[in-house]
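Asks: no FASTA, just this:
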């Protein structure tokens, strides 16, 4: 399947598969045309006001609710086989943790050296540790990962 395709993966996935009522949201992602293939460093703010400098291997571009969206993952530590997405969407105003949610994925099908497909399974969105305790230090989403759409999937707000 060429990278330009925005067909959800899998295209025949049911609208709901979880007994908790969480909607299954999967999408194919690939870097936008012309995006540089070299890594850059993202300045990631934290909940305590510090900044982390983390490498970003590129951008995942996908379509959700008819809108083309982009998320920029980072690589944590020495684990070069996992992409770490720090994001916030419109559900943070009502049903999910206000600061951020995390999504870990594998690498695109062609690795990090050339454009490829990546599955973003938003059912795997999880709350950061700071959603449960004030003793945790958590990264916040960079501006480009603050989505103006709702992703009603994944872990919801923890009732304290």
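Replies: Thanks, I have the structure now. This is a predicted model, so every value here is computed, not measured.
Asks: Which SSE is immediately downstream of the worst-scoring helix or strand of the chain on mean pLDDT?
Replies: Scoring the helices and strands of the chain by mean pLDDT, DSSP states H and E places strand 26-29 at the bottom, with a mean of 50. Per DSSP states H and E, the first helix or strand lying C-terminal to strand 26-29 is strand 40-45.
Asks: Go through that following strand and flag the buried ones.
Replies: Taking 16 or more other C-beta atoms under 10 Å as the basis for neighbour counts, the residues of strand 40-45 that come out buried are 42, 44. Every C-beta, even on glycine, is put in place using the N, C-alpha and C of the backbone.
Asks: same check, this time on stretch 108-120
Replies: By neighbour count on 16+ other C-beta under 10 Å, the buried set for stretch 108-120 is 108, 115, 117-120.
Asks: pLDDT weak spots in this structure?
Replies: Within the chain, the stretches falling below the threshold (pLDDT under 70) are 1-38, 160.
Asks: where do the strands sit along it?
Replies: Here the chain has its strands, by DSSP state E, at 26-29, 40-45, 51-56, 60-64, 67-71, 83-87, 101-105, 118-121.
Asks: Run the chain-centre distance for the second one.
Replies: Per C-alpha atoms, centre = their mean, to the nearest Å, the displacement of strand 40-45 from the mean C-alpha position of its chain is 15 Å.
Asks: How about residues contacting that strand?
Replies: In this structure, residues lying in contact with strand 40-45 by C-beta atoms under 8 Å, 6 or more residues apart in numbering are 51-56, 72, 74, 86, 139-140, 142.
Asks: Sheet partners, orientation included, of that strand?
Replies: Within its sheet, and counting by DSSP bridges, strand 40-45 is paired with strand 51-56 (antiparallel).
Asks: Quick check: beta-bridge partners of residue 63?
Replies: Beta bridges link residue 63 to residue 68, judged by DSSP bridges.
Asks: for the chain, which residue is closest to the average position?
Replies: Taking C-alpha atoms, centre = their mean as the criterion, residue 85 is the residue nearest the geometric centre of the chain, at 3.8 Å.
Asks: distance of it from residue 128?
Replies: Using C-beta to C-beta, to the nearest Å, residue 85 is found at 12 Å from residue 128.
Asks: And for residue 138?
Replies: Distance of residue 138 to residue 128, given as C-beta to C-beta: 4 Å.
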